[in-house]
Each structure stands twice: as structure tokens, then as C-alpha cells.
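1. Got a sequence here, can you model it:
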Amino acid sequence: MSNKSSDSGDYKYTSSGTNSQGNHYCSRDYGNSGSSSGSGYHYSNSNGSYYYSNPNGSTYYNSGSGYSQYTSPSGDTQKSYSSSK
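-> Below you'll find the predicted structure:
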């Protein structure tokens with residue numbers, strides 16, 4: 001696995017792959033560097049949806065069809081709905 005740079009600091013890919021349904025996953029280790037410490041992962045699904053779990057405890061889900069949800073580290077949730085034309 002390679003090291004990459006992100007806006008919040010350096011991270012290292014620890015695993016990634018694609019399952020039999022065509023869904024991709026990737027996990028990252030941010031090490032122990034302040035607010036970016038810990039690990040995170042994301043899924044990108046064949047239906048266009050994706051999900052992120054971040055080292056600070058926040059999560060983000062996007063359905064790929066107009067719905068998204070962000071949950072902050074403290075548990076506050078913001079939902080968004082949009083219709084495609």
C-alpha cells in the first residue's frame with residue numbers, strides 16, 4: 001500500500017478491494033498526528049452510493065440519487081434531499 005496526502009494530513013492505505021457485487025472499499029490509517037489520528041474507511045457501491053467513516057468519528061453517506069446524510073463526531077445529523085431532473 002502507498003502513502004498519500006490528504007487535506008487533513010498524511011495517511012496510509014491499509015486495505016482495499018472490490019467485492020463480488022462490484023462494491024469498492026478502502027481503509028486508511030492516519031497514525032497518531034493530532035486531530036487526524038486513527039483510521040477511516042469508505043465504500044463506493046455499484047449503485048452510485050458511497051459512505052465515509054472518518055477518524056474523528058464523523059460519517060457521510062450519499063445515496064447517489066439525491067439523498068445525503070452527515071453525522072458529526074458529537075452525533076448531530078444533517079440530512080439533505082435533492083431531486084434530479
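
2. hey, let's count contacts and neighbours off CA atoms from now on
-> Fine.

3. Any stretches of the protein with poor pLDDT?
-> Applying pLDDT under 70 to the chain picks out residues 1-9, 33-36, 84-85.

4. what are the phi and psi angles of the most centrally placed residue in it?
-> In the chain, the centroid-proximal residue (Cα atoms, centre = their mean) is Y52; its distance is 1.8 Å. The phi/psi pair for Y52 (degrees, to the nearest 10) reads phi -120, psi 140.

5. phi, psi of G57?
-> Given degrees, to the nearest 10, the pair of backbone angles that G57 has is phi 100, psi -10.

6. Run a quick neighbour tally on it.
-> By the measure other Cα atoms under 10 Å, the count of residues near G57 is 14.

7. quick one, what contacts it?
-> Each residue near G57 by Cα atoms under 8 Å, 6 or more residues apart in numbering is listed here: S72, P73.

8. next one: the one 10 residues further on
-> Going by Cα under 8 Å, 6+ apart, Y67 touches K79, S80, Y81, S82.
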